[in-house]
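Trainee: sequence isn't available, so here's the structure alone:
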């Protein structure tokens with residue numbers, strides 16, 4: 001506590017220190033004079049002033065840190081964050097451009113009213129009940145989500161904002177959500193569509209590869225894309241309004257699975273991939289020429305590897321468990337995580 005107090009005092013300038021000291025002596029004098037101002041009230045007021053100063057110091061330190069930045073990037077996931085971080089370091093921009101990361105996966109789970117507390121709680125409860133998530137990650141989920149929203153709200157008005165979003169329902173949903181959060185800000189906003197950029201700069205006819213998300217391209221490619229795209233495609237007000245309106249339509253729905261189709265985000269039933277999962281298990285039985293149990297992780301990996309959508313293994317694993325409950329698959333083991341159990345056709 002003493003170290004925290006010292007750090008807080010060191011962050012105050014002379015005028016702020018004089019003001020705090022003057023207020024302290026005024027309150028001490030009021031206690032001596034009586035007049036109904038008690039020692040207990042003096043303690044409560046000093047304690048409040050101390051906490052206010054701590055908060056002020058934290059905000060000032062954050063503001064001082066933000067002042068060194070000249071731009072803010074927003075990405076969706078730890079993988080693109082890591083690649084972008086390396087790219088900015090190689091460009092000599094890591095100390096000048098800030099990265100804000102949403103670690104959530106927006107292609108799955110409800111996004112109903114996600115821009116307010118009720119919607120955040122609704123999404124958290126669905127994830128908690130349906131997706132196998134590490135306990136520590138789950139316990140910090142809401143705090144991290146709210147902190148990311150706060151970080152976005154505190155972006156300085158002079159910062160250009162660069163949003164990285166590939167052609168998938170995860171990043172495109174996140175893009176619209178973020179633009180709704182930014183709707184009162186006047187910052188220049190640049191969207192880097194990594195699929196269009198990849199096609200323009202790296203596509204080779206002899207290689208059959210289309211990135212499903214920003215996380216699937218290398219830091220070197222991100223570096224080159226940023227160098228070429230950073231001064232292009234500032235959103236117009238009309239474009240911003242269109243994407244904000246699309247968010248309003250999306251967040252009215254309670255569906256829990258979204259795909260990217262015909263350049264649009266489409267809500268689909270949560271059973272959308274069930275038949276493909278079943279066919280994958282049947283195919284594995286046929287190749288093995290037996291009906292023995294197969295590690296669920298193997299099936300889930302194969303399904304994910306052949307999908308052209310970005311939904312994550314957690315959702316596919318949830319559907320595997322649902323198919324077990326529905327009597328489609330038999331199970332051996334404990335379904336606390338995909339590596340702990342095996343499945344076969346019943």
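Mentor: In hand now; what should we look at? None of the values given here were measured: they were computed from a predicted structure.

Trainee: residue ranges with poor pLDDT in the stretch 51-200 of the chain?
Mentor: Along the stretch 51-200 of the chain, segments meeting pLDDT under 70 span 52-67.

Trainee: quick one: the helices in it, in order.
Mentor: 78-90, 117-130, 135-139, 141-153, 169-181, 194-201 (DSSP state H, counting those that start in this stretch).

Trainee: for residue 239, find the nearest of the ones you listed.
Mentor: Evaluated over these, closeness to residue 239 peaks at helix 169-181, with 9.3 Å, by CB to CB. C-beta: built from backbone N, CA, C; applies to glycine.

Trainee: next, the angle from the closest one to helix 141-153.
Mentor: Orientation note: helix 169-181 sits at an angle of 60 degrees relative to helix 141-153 (axes from the mean of the first three to the mean of the last three CA atoms, to 10 degrees).

Trainee: please name the residues that touch residue 256.
Mentor: Applying CB atoms under 8 Å, 6 or more residues apart in numbering, we find residue 256 in contact with 108, 109, 110, 126, 130, 270.

Trainee: neighbour-wise, give me the winner out of those.
Mentor: Neighbour counts for those, by other CB atoms under 10 Å, peak at residue 108, which reaches 25 neighbours.

Trainee: chain center to stretch 225-238, what's the gap?
Mentor: Relative to its chain's centre, stretch 225-238 lies at 22 Å (CA atoms, centre = their mean, to the nearest Å).

Trainee: what mean pLDDT does it have?
Mentor: For stretch 225-238, mean pLDDT rounds to 90.

Trainee: spatially nearest residue to residue 255, not counting backbone neighbours?
Mentor: residue 267 (4.0 Å; CB to CB, 6 or more residues apart in numbering).

Trainee: report the contact partners of that neighbour.
Mentor: By CB under 8 Å, 6+ apart, the residues touching residue 267 are 253, 255, 257, 258.

Trainee: what's the local residue count around the second one?
Mentor: Each residue near residue 255 was counted by other CB under 10 Å, and the total is 15.

Trainee: are we agreed that it is in a strand?
Mentor: No. Going by DSSP: H, G, I helix; E, B strand; the rest coil, the assignment for residue 255 is coil, not a strand.

Trainee: now do it, the pLDDT please.
Mentor: Note for residue 255: predicted pLDDT of 96.

Trainee: how close does it sit to residue 173?
Mentor: Distance from residue 255 to residue 173, counting by CB to CB, to the nearest Å: 11 Å.

Trainee: cool, and the third one?
Mentor: Using CB to CB, one gets 11 Å for the distance from residue 257 to residue 173.

Trainee: find residues that contact each of those two.
Mentor: Common contact partners of residue 257 and residue 173 (CB under 8 Å, 6+ apart): residue 107.

Trainee: more crowded one of those two?
Mentor: The neighbour comparison of residue 257 against residue 173 (other CB under 10 Å) goes to residue 173, with 26 against 21.

Trainee: quick one, phi/psi of the residue lying closest to the more buried one once chain neighbours are set aside?
Mentor: Nearest non-adjacent residue to residue 173, counting by CB to CB, 6+ apart: residue 106, 4.0 Å away. Per-residue torsions, residue 106: phi -80, psi 0 (degrees, to the nearest 10).

Trainee: any idea how many residues pack against the closest residue to residue 159 other than its chain neighbours?
Mentor: With CB to CB, 6+ apart as the criterion, residue 159 has its nearest non-adjacent residue at 4.7 Å, and that residue is residue 72. Residues lying near residue 72 (other CB under 10 Å) number 21.

Trainee: mind listing what residue 72 touches?
Mentor: If you count contacts by CB under 8 Å, 6+ apart, residue 72 has them with 97, 98, 99, 100, 155, 159, 160, 161, 162.
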